[in-house]
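Chemist: Sharing a sequence plus its predicted fold:
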Amino acid sequence: MSYTLTTLWHDRQRYLPGILAVAFSALLIALQCGLLFGLLSISTIPIDRSDADVWIGPQKVLSVDTGQPISESKLVSRVAGLPGVTHVEPYIQRFSFWEKPGGGTDLCIIVGCRLTEDSIGPSKVLPRELRDRLTEEGAVVVDESELERLDIQHAPALLEQGRFATAKINGRPVRVVGLVKGMRSIAGPYIFCSLFTARSIMKLGSDQTVYVLAKCDDPKHASLVVEQLKSSPLQQEQPDMSVFTKDEFSYKSRMHWLLKTKGGLALGYAAALGLLVGLVVTSQTLYAATMASMREYAILLALGIPRWRLRWTVVTQAFWIGIFGVIVSIPATYFLGELATHLGVKPLLSAELMAAAAVITLGMAIFSGIIALRSLKQIEPVNLLR
Amino acid sequence: MAWVQPDDADLRSATMRDEPVLQGFHLTRSFGDGETRTYALRDVSLGLRKGELALLMGPSGSGKSTLLAVLSGLLEPDRGQVLARVNGKEVDLWKLTPRQREQFRLKHCGFIFQGYNLFPALTARQQLEIVLRWGEGVSGAEARERSREMLSLLGLSKKCHLLPAQLSGGEKQRVAIGRALIKNPQFVFADEPTSALDWAHGEQVVELLRIAAHERGATILVVSHDHRIVPFVDTVFHLEDGRLQESEPPDETPPPGVRFRLEMPP
Ligand SMILES: Nc1ncnc2c1ncn2[C@@H]1O[C@H](COP(=O)(O)OP(=O)(O)OP(=O)(O)O)[C@@H](O)[C@H]1O
Ligand SMILES: [Mg+2]
């Protein structure tokens, strides 16, 4: 081991390309996953920004945007009666069609929630004043980054004059009474409105909702409440009901988008390319290093030192190259992550992600050592006796 | 410069000298086939005794390195037999499995190849340690101690911690000799050990090999072009076109098989 480290240090110039290649692979994997996760997290902003600990929705809910309506009757009061539950309210979130004032339609996501101060839905991202304005039927609020997509670039100017941009959703007229920041989406712009407006846009009865949200006395009790609900007679009465904790639901929605958008595939492809580059460079580095020491290795073989001992040495070198590469990659990843954040895309670089990238690239480094073992095959002591 | 206390070991080894411990019989080895077939060895037979320092000479391409490789278990002969006597037992080297031959070399053979062949990153002491640790699985502390001892016997006690780049050519070759001798092998094979050195250092190397043979009882075969070595060795073999020469070479070099009885250093 110490011979290996001594050699790596002494010939650092020679091993540097391998170390950098490993660092590059680790950085590529971590940063790409981080960016994708960051992007996916946009799809669950309404879940993550809400205060609800438990989400109850129609069965086969795949993503927060595709829920089918369920009946609210009894559900709210039954859930509220469960021990540990302190607050229950209906929540509507579904796809709809935004009819642009200039013609044409685009997907949008209706977010209808209670507007009271104690609401546990995502309406708490709206200031008091905006929530007040939303109480009127047909009033909506959108994110300021989506104006172009919704074809209402003139909305801010109108708002200044105390007037509202208008459009239609599902044939119902709506007017934009205000703008928010930081509520971007991937699938379609979020359209914030009251439960009443949402029901009227989606032609739901006053008894129907898409989700029921519950808050627990302690967020840690969320999974207990979920268990209770799943085993309660309510589940038998309402077989189309499914229950998640906030974290489960957020995760499930992200995975849905990951698979649906094939983002995972694109990521896997790019990551595989990064790994391949790392693999080739690292194994070539080790190959060249081994060939450079071939006379020394040949002497050892002549002296009867078994070949596996030399193979082990090469693989150990690969392991340490991997370790050093990963160490180099960590600050580089965070630095580039910061840079990306400044450029407007925030990667989610969790410790788990960094650890996974490290393990994968370390495996790659060791594998490159195994590939480089073919160099040892060419070393025959007799070839050096001439 | 002495390896061991001068005792009656020399006397014992002197009597044992008459027993060959490494013998080649009718060794033949060719390379290529058809038109391009060249014979590097043609029916070579020879015997080396315990404690003997033998020199193998001959023009370039005469098969010296090939003979060394065949006798040391590195290159299989087309025909012929290599018998080694270790611990009173006769071993037919080319009847062993490759694994057994590797074990044989590990236990009984030391090598010095042309050039120094030292790991650039390792200190003089580590070059020796590695052989003990990787070969015999000796503990770190013991390997360090034995390597240090060997290097001080070679007059390198102050150079233990230096890298090859910090050593002179002669010092590097002495480290290479130390690596060949660290296992205390029965047989040592050296191909052109002095070719990279000036004569003063070459002489030193030969002197060290002579002491290793005479005082440690090792059987040492040295391949060299250098006639100045002749007075230091016990036996000289002449190889010409793959054949051991029976006739006396034209110059002052002694006929093959003639044993120089050298005075032991006091
Ligand atoms: N692997 C090989 N393939 C083909 N021919 C070989 C091979 N090894 C040796 N030979 C040939 O065998 C002959 C003897 O080679 P060898 O290396 O034993 O010579 P040598 O006496 O050591 O020469 P030198 O003093 O130049 O080192 C040469 O003609 C050489 O070309
Ligand atoms: Mg030769």
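Modeler: Ah, there it is. Ligands and ions are numbered 1, 2, ... in the order given.
Chemist: Spit out the contact partners of A:E248.
Modeler: A:E248 sits next to A:V226 when contact means C-beta atoms under 8 Å, 6 or more residues apart in numbering or on different chains. For every residue, glycine as well, the C-beta is placed using N, CA and C.
Chemist: quick one: it is in a strand?
Modeler: No. If the criterion is DSSP: H, G, I helix; E, B strand; the rest coil, then A:E248 is helix and not within a strand.
Chemist: That one and A:D53, how far apart?
Modeler: Applying C-beta to C-beta, to the nearest Å, the value for A:E248 to A:D53 is 11 Å.
Chemist: Common neighbours of the two, please.
Modeler: Counting by C-beta under 8 Å, 6+ apart, A:E248 and A:D53 have no common neighbour.
Chemist: gap between the spatially closest residue to A:A167 that is not a sequence neighbour and A:T166?
Modeler: Excluding its sequence neighbours, the residue lying closest to A:A167 (C-beta to C-beta, 6 or more residues apart in numbering or on different chains) is A:P101, at 5.3 Å. Separation of A:P101 from A:T166 (C-beta to C-beta) stands at 7 Å.
Chemist: Repeat that for B:Q173.
Modeler: With distances taken as C-beta to C-beta, B:Q173 is found 94 Å from A:T166.
Chemist: neighbour-wise, which of these two wins?
Modeler: Applying other C-beta atoms under 10 Å in any protein chain shown to B:Q173 and A:T166 shows that B:Q173 carries more neighbours, namely 27 against 14.
Chemist: how about that one, what does it touch?
Modeler: B:I112, B:Y116, B:P193, B:T194, B:A196, B:L197, B:H201, B:V205 are the contacts of B:Q173 under C-beta under 8 Å, 6+ apart.
Chemist: and the residue in the stretch 251-386 of chain A positioned nearest to ligand 2, how many residues sit next to it?
Modeler: Per C-beta to the ion, A:R386 is where the stretch 251-386 of chain A lies closest to ligand 2, at 4.9 Å. Here the number of neighbours of A:R386 (other C-beta under 10 Å) works out to 13.
Chemist: Surely it and B:S65 touch.
Modeler: Yes. At 5.2 Å, A:R386 counts as touching B:S65 under the criterion of C-beta atoms under 8 Å.
Chemist: all strands of the stretch 1-150 of chain B, in order?
Modeler: B:20-31, B:38-49, B:53-57, B:79-86, B:89-92, B:109-112 (DSSP state E, counting those that start in this stretch).
Chemist: Minimum distance to B:I229: which of those has it?
Modeler: For B:I229, the closest of these is strand B:53-57, at 5.8 Å, according to C-beta to C-beta.
Chemist: now for the closest one, which elements pack on it?
Modeler: helix B:64-71, helix B:199-216, strand B:219-223, strand B:235-240 (3 or more C-beta pairs under 8 Å, 6 or more residues apart in numbering or on different chains; DSSP states H and E).
Chemist: got those as TSV, with distance to A:I152, mean pLDDT and mean neighbour count columns?
Modeler: Shown next, in TSV, are the helices and strands packed on strand B:53-57 (distance: least, C-beta to C-beta, whole Å; pLDDT from 0 to 100; neighbours: other C-beta atoms under 10 Å in any protein chain shown):
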stretch	distance to A:I152	mean pLDDT	mean neighbour count
helix B:64-71	87	96	26
helix B:199-216	91	91	20
strand B:219-223	92	96	27
strand B:235-240	98	94	21
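Chemist: To chain A, which of the ones you listed lies closest?
Modeler: helix B:64-71 (4.7 Å; C-beta to the nearest C-beta).
Chemist: burial count for A:L20?
Modeler: Using other C-beta under 10 Å, A:L20 is surrounded by 19 other residues.
Chemist: For A:I330, which three-state class applies?
Modeler: helix.
Chemist: Just the pLDDT for it.
Modeler: pLDDT for A:I330: 96.
Chemist: What is the burial count for the nearest residue to it once chain neighbours are set aside?
Modeler: By the measure of C-beta to C-beta, 6+ apart, the closest residue to A:I330 outside its immediate chain neighbours is A:M354, 6.6 Å from it. Neighbour count for A:M354, taken as other C-beta under 10 Å: 20.
Chemist: does A:M354 count as helix, strand or coil?
Modeler: helix.
Chemist: wait, it sits on A:L31?
Modeler: No. Judged on C-beta under 8 Å, A:M354 makes no contact with A:L31 at a distance of 10.3 Å.
Chemist: Now for the two: what residues contact both?
Modeler: A:T333.
Chemist: In TSV, list the helices and strands packed on strand B:53-57 along with distance to chain A.
Modeler: What follows is the helices and strands packed on strand B:53-57, written out as TSV (distance: least, C-beta to the nearest C-beta, whole Å):
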stretch	distance to chain A
helix B:64-71	5
helix B:199-216	16
strand B:219-223	9
strand B:235-240	14
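Chemist: Can you tell me the closest non-neighbouring residue to A:A30?
Modeler: A:A357 (3.9 Å).
Chemist: For the one you found, give me its contacts.
Modeler: So A:A357 contacts A:A26, A:I29, A:A30, A:C33, A:S329, A:T333 (C-beta under 8 Å, 6+ apart).
Chemist: any idea how far it lies from B:L41?
Modeler: 58 Å.
Chemist: Next: B:D33.
Modeler: Per C-beta to C-beta, B:D33 is found 16 Å from B:L41.
Chemist: cool, A:A271 as well?
Modeler: 57 Å.
Chemist: any residue of the helix or strand harbouring A:G268 up close to chain B?
Modeler: Using DSSP states H and E, A:G268 falls within helix A:263-292. No. Applying C-beta under 8 Å from any C-beta of the partner chain, one finds helix A:263-292 out of contact with chain B, separated by at least 8.7 Å.
Chemist: Kind regards, and thank you for your time.
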